[in-house]
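Peer 1: coordinates only, sequence not included:
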Ligand code: SF4
């Protein structure tokens with residue numbers, strides 16, 4: 001039988017690399033890095049070799065759509081356009097919907113992430129690119145994930161998505177594998193696509209995005225018209241590669257990066273030997289989407305901007321602190337992941353709380369990741385001097401940290417040092433590493449180290465206790481260099497867990513309990529133990545536990561607004577569907593509920609923020625000329641959501657057993673953990689379970705709590721599946737698909753064998 005390590009090696013071949021564990025081909029000494037930066041842009045460009053040039057007529061956007069997709073196969077340099085069929089537009093809407101449809105058509109059920117036929121699809125959606133309302137420039141990226149072996153989608157800012165639309169395409173499909181490193185240039189000024197062999201550019205994003213922006217801009221003023229998609233060296237050696245989408249910050253006069261982090265799409269990108277996508281447009285004008293009713297959008301935009309001006313400072317401080325404003329709120333409610341989700345708060349929070357980030361973020365600069373965003377939460381630390389690694393000594397602009405970065409890289413690893421968090425954030429970005437996966441996997445490594453599952457011999461001499469920021473940083477540099485324990489970390493939590501079990505390094509049940517992954521994806525940075533609904537919000541997701549599908553902790557745990565299973569099921573129906581809608585449209589979710597209208601609490605359903613929901617319905621109708629209402633909005637999402645669930649089924653997943661969660665997400669695994677909240681658990685035992693904790697050992701009490709919580713989760717699954725129109729195995733019912741108008745033959749064929757009645 002093949003060993004696990006062999007299986008990893010045989011299924012994962014980093015670019016240019018024949019030896020997975022000991023590869024150092026991509027080690028980039030400091031001198032080389034500096035050479036990349038100092039090298040004249042013309043010198044770099046002179047080394048380009050044109051592999052394919054293709055001209056096209058730019059299709060103007062009409063009511064939010066061009067109805068054209070750009071297809072590029074980098075194996076044979078095929079470039080063509082596809083017309084978007086009307087039925088696809090009707091059922092899949094755009095953004096993630098288009099990504100899923102194209103990926104389904106392009107792949108077979110057993111297509112692996114690193115097969116040439118796997119695609120990366122990037123699509124904005126009909127609202128993407130308007131500038132009169134906040135949060136309207138997002139792209140959705142879809143691929144077969146190296147982490148989950150199923151479909152992943154990731155939502156990202158930056159200008160590429162809108163620029164792709166303005167260049168005449170609602171989506172781009174990237175298929176195949178190039179032989180050598182290439183750049184794809186989409187020239188939306190002249191209607192031209194080029195595929196270029198590009199050996200001389202850097203790989204790491206903060207250098208590469210600067211190089212390409214300078215290379216393709218006509219002059220300084222033109223830099224804002226260039227957008228770059230890239231990743232970094234760590235993406236070549238790991239399963240957690242991330243994509244950076246750039247935009248030129250005209251105030252700072254620097255290129256900035258936003259991340260499509262989840263699921264390893266950067267790894268797929270480099271496996272295809274794509275160094276970068278570049279898109280250039282002539283400029284951004286008021287109504288490039290050719291919307292039907294611009295006035296209606298502007299009116300809603302003005303109202304929202306007023307709310308931001310008048311309410312943000314009291315409600316969320318997004319414009320001064322970004323999402324990092326959540327740090328002490330999470331800490332206060334025992335929700336801040338600390339030491340691999342063991343605890344929810346820490347006395348050292350003050351070192352990394354929102355005031356600390358406010359002090360470090362440059363203030364007074366509009367920080368929108370797309371034009372017109374008044375929420376302006378893309379904060380940055382300017383002139384940060386790098387202390388470690390190949391860029392030590394350079395002063396850089398670090399994007400963020402956002403809440404997830406500070407929570408994942410910081411508290412979850414027991415690290416409360418803001419300089420470390422900024423440095424790790426910078427290197428995650430430029431190396432092309434998902435910060436959430438990195439934070440969660442490093443926390444897992446540290447708990448394994450503390451429990452003797454890992455030791456210095458196994459980590460190559462690194463002490464990886466909680467709080468050891470120097471060693472954590474070194475692991476990241478190792479990964480970028482493709483060497484040492486860094487390569488083990490780059491496997492992600494699930495593969496590490498399986499590897500440690502196979503090697504007999506730790507108790508399999510304990511590893512299963514503390515490995516914070518579901519479906520192969522690392523958890524994002526919230527404690528879900530005290531919120532049953534949030535446990536479902538994480539583990540019942542289609543792609544794996546990411547908070548963008550459902551975030552119900554406050555509704556459930558803090559405000560107790562959804563006490564019954566039926567209430568929770570309704571929330572786990574509505575909110576994932578509502579949030580899916582942002583991904584169909586090219587919208588950012590944050591302006592929906594991070595700041596609420598003043599009278600929101602007095603509305604019928606304050607958690608839904610009805611006035612903002614109405615804004616979105618109005619904007620969709622004003623862009624497209626359609627006439628949907630808030631109910632049809634949810635049905636639009638439901639069609640795509642069910643399609644994605646069945647896509648998982650097609651790939652061998654998508655049933656109840658794949659919605660199981662690690663016990664750490666539901667309750668206390670260790671004695672230490674139980675005792676840290678003994679009063680709470682004892683009280684629950686008495687009041688909810690009807691068992692007197694008096695006289696029982698902590699082990700006995702922990703086991704009683706566990707049995708209860710695991711049983712509650714199973715009941716939750718039953719209730720949610722029922723509400724979603726799925727059977728008890730979590731498979732959509734044929735009758736439900738018919739009701740939605742989503743009874744496509746290929747879907748019915750797949751789910752038919754799973755029908756229970
Ligand atoms: S709210 Fe923040 S993340 Fe969303 S579009 Fe605006 S700046 Fe970007």
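Peer 2: Structure's in. What do you need? Since this is a predicted model, take the numbers as computed values, not measurements.
Peer 1: give me the distance between residue 433 and the ligand.
Peer 2: From residue 433 over to the ligand the distance is 20 Å, taken as C-beta to the nearest ligand atom, to the nearest Å. C-beta coordinates here come from the backbone N, C-alpha and C atoms, glycine included.
Peer 1: next, that residue: phi, psi?
Peer 2: Reported as degrees, to the nearest 10, the phi and psi values for residue 433 are phi -120, psi 140.
Peer 1: got a list of what it touches?
Peer 2: Counting by C-beta atoms under 8 Å, 6 or more residues apart in numbering, residue 433 makes contact with 232, 234-235, 238, 240-242, 266, 427, 476, 479.
Peer 1: was I right to think residue 678 contacts residue 698?
Peer 2: Yes. At 7.5 Å, residue 678 and residue 698 qualify as touching, with contact defined as C-beta atoms under 8 Å.
Peer 1: how about stretch 288-302 against the ligand, any contact?
Peer 2: No. Stretch 288-302 lies out of reach of the ligand by C-beta under 6 Å from any ligand atom, never closer than 12.7 Å.
Peer 1: ends of that stretch, what's the gap?
Peer 2: The first and last residues of stretch 288-302 sit 19 Å apart, counting by C-alpha to C-alpha, to the nearest Å.
Peer 1: what residues of that stretch count as buried?
Peer 2: Buried residues in stretch 288-302, counted by 16 or more other C-beta atoms under 10 Å: 288-289, 291-292, 294, 296-297, 299-301.
Peer 1: for this protein, what lies in contact range of the ligand?
Peer 2: Counting by C-beta under 6 Å from any ligand atom, the chain sits next to the ligand at 134-135, 157, 368-370, 373, 375-378, 588, 590-591.
Peer 1: give me the phi and psi for residue 374.
Peer 2: Reported as degrees, to the nearest 10, the phi and psi values for residue 374 are phi -80, psi -10.
Peer 1: residue 255 in helix, strand or coil?
Peer 2: Assigned with DSSP: H, G, I helix; E, B strand; the rest coil, residue 255 falls in the strand class.
Peer 1: confidence score at residue 559?
Peer 2: At residue 559, the model reports a pLDDT of 86.
Peer 1: so where's the chain shaky on pLDDT?
Peer 2: Residue ranges of the chain with pLDDT under 70: 1-39, 757.
Peer 1: using CSV, lay out the contacts of residue 433 together with secondary structure and neighbour count.
Peer 2: Shown next, in CSV, are these (DSSP: H, G, I helix; E, B strand; the rest coil; neighbours: other C-beta atoms under 10 Å):
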residue, secondary structure, neighbour count
232, coil, 27
234, helix, 34
235, helix, 33
238, coil, 33
240, coil, 34
241, strand, 30
242, coil, 33
266, helix, 35
427, helix, 29
476, helix, 24
479, helix, 27
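Peer 1: now the residue of the stretch 401-550 of the chain at minimum distance from the ligand: closest residue in space, sequence neighbours ignored.
Peer 2: In the stretch 401-550 of the chain, the residue found nearest to the ligand is residue 402; the distance is 8.6 Å by C-beta to the nearest ligand atom. Of all residues not flanking residue 402 in the chain, residue 323 sits nearest, at 4.6 Å (C-beta to C-beta, 6 or more residues apart in numbering).
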